[in-house]
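> Quick one, what's the 3D model for this:
(one chain, ligands or ions: 1)
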Amino acid sequence: MSISADTITWKIGSKTILDQVSFATRPGEMLGLLGPNGSGKTSLLRLLAGLKRPHAGAISLDGQNIQSISRKTMAQRVAFVEQHATTNANLRVVDVVKLGRFPHRSMFSAWTNEDEVAVDQALERAGMVAKRDHAWQSLSGGERQRAHIARALAQAPKEIILDEPTNHLDVQHQIALLSLISDLPLTSVIALHDLNHAAMFCDRLIVLKEGRVVACGTPEEVLTKHLLREIFSIDAHVEPSQLHGRPLIQFTRTAR
Ligand SMILES: Nc1ncnc2c1ncn2[C@@H]1O[C@H](COP(=O)(O)OP(=O)(O)OP(=O)(O)O)[C@@H](O)[C@H]1O
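Take a look at the predicted model:
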């Protein structure tokens, strides 16, 4: 067990956003989080990262309630790439990535060789070496997204939580990022809208609708014609891909 949620409920005012959500990740797996707009994906990821507290239920890391884990320990262990992450505009790319080392350092400790290697490796993995010394302000949306991912990797986490990380990326970088995440020896929880990408890369999927878990299982178990109609209101043909064997979803041209 890595990150788990045990019957968590979370509200904004009197509105229930997440309703008795339970699941457990398996170490090293890539768990995809799917659901229509407004179903609660971002809210759930923010709770998993410890940025919000559930009103009922508990989030645990290796069985320990995260409310009893210090912020520093959480930050050494769990990286979160938010959907609309912002960064101080005066920094260079490498400075942003160096911020990922912050949880591993004490206030007065010197920058170590280990820090340097972690930053270099993270820039390399995120395909950002060529942009290392560029000003943040000069980056495109997709490059900023990749720099945020490099920062998360520099953190050397055991768990990484990503909220629609492929949003701004061209197709080459979408596939590169998802391949990278699925190949890393990390537990990842990743919100995705692209169902074919979820099918290709994730080990298991969870589907949310109106704050409730409505399906959980392998891509083959979850991404059925019936679920696509019931949850996403689309008609589609699903068959194993000839390229990778995972479900391939082909949509009809009209949504219901
Ligand atoms: N600050 C807020 N005040 C009121 N309601 C909010 C607030 N933030 C989110 N919500 C509501 O919570 C619900 C879940 O939102 P959330 O962003 O978690 O969904 P999501 O599945 O990530 O959506 P999307 O796919 O559009 O990114 C939505 O109904 C949204 O309107």
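> CA atoms for contacts and neighbours, from now on please.
OK.
> helix, strand or coil for residue 47?
helix (DSSP: H, G, I helix; E, B strand; the rest coil).
> Could you pull up the residues touching it?
53-54, 59 (Cα atoms under 8 Å, 6 or more residues apart in numbering).
> try residue 177
126, 166.
> With adjacent residues omitted, what lies nearest to the closest residue to the ligand within the stretch 51-200 of the chain?
Residue nearest to the ligand within the stretch 51-200 of the chain: residue 193 (7.3 Å; Cα to the nearest ligand atom). Spatial nearest neighbour of residue 193, excluding adjacent residues (Cα to Cα, 6 or more residues apart in numbering): residue 34 at 6.4 Å.
> For that neighbour, list each beta-bridge partner.
residue 207 (DSSP bridges).
> who touches it in this structure?
41, 191-193, 195, 205-208.
> just to revisit the earlier point, which of the contacts of residue 47 tops the neighbour count?
residue 59 (26 neighbours; other Cα atoms under 10 Å).
> tell me the SS of that one?
strand.
> give the contact list for it.
3-6, 8, 47-48, 65-66.
> Mind listing what's buried along stretch 159-167?
159-166 (16 or more other Cα atoms under 10 Å).
> With stretch 175-187 instead?
175-178, 181-182, 186-187.
> just stretch 204-216 next, same as before
For stretch 204-216, by 16+ other Cα under 10 Å, it's 204-213, 215-216.
> is it possible to export those residues to JSON lines including distance to the ligand, secondary structure and pLDDT?
Below are the buried residues of stretch 204-216 laid out as JSON lines (distance: Cα to the nearest ligand atom, whole Å; DSSP: H, G, I helix; E, B strand; the rest coil; pLDDT from 0 to 100):
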{"residue": "204", "distance to the ligand": "18", "secondary structure": "strand", "pLDDT": "98"}
{"residue": "205", "distance to the ligand": "14", "secondary structure": "strand", "pLDDT": "98"}
{"residue": "206", "distance to the ligand": "12", "secondary structure": "strand", "pLDDT": "98"}
{"residue": "207", "distance to the ligand": "10", "secondary structure": "strand", "pLDDT": "98"}
{"residue": "208", "distance to the ligand": "8", "secondary structure": "strand", "pLDDT": "98"}
{"residue": "209", "distance to the ligand": "8", "secondary structure": "strand", "pLDDT": "98"}
{"residue": "210", "distance to the ligand": "7", "secondary structure": "coil", "pLDDT": "97"}
{"residue": "211", "distance to the ligand": "7", "secondary structure": "coil", "pLDDT": "98"}
{"residue": "212", "distance to the ligand": "11", "secondary structure": "strand", "pLDDT": "98"}
{"residue": "213", "distance to the ligand": "12", "secondary structure": "strand", "pLDDT": "98"}
{"residue": "215", "distance to the ligand": "15", "secondary structure": "strand", "pLDDT": "98"}
{"residue": "216", "distance to the ligand": "16", "secondary structure": "strand", "pLDDT": "98"}
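> so the most centrally placed residue in the chain, which of the three states?
By Cα atoms, centre = their mean, the chain has its centre lying nearest to residue 162, at 1.8 Å. Here residue 162 is recorded as strand under three-state DSSP.
> for it, what are its contacts?
45, 80-83, 188-191.
> Please flag which of these sit within strands.
80-81, 188-191 (DSSP state E).
> beta partners of residue 92?
Applying DSSP bridges, one finds that residue 92 bridges with residue 135.
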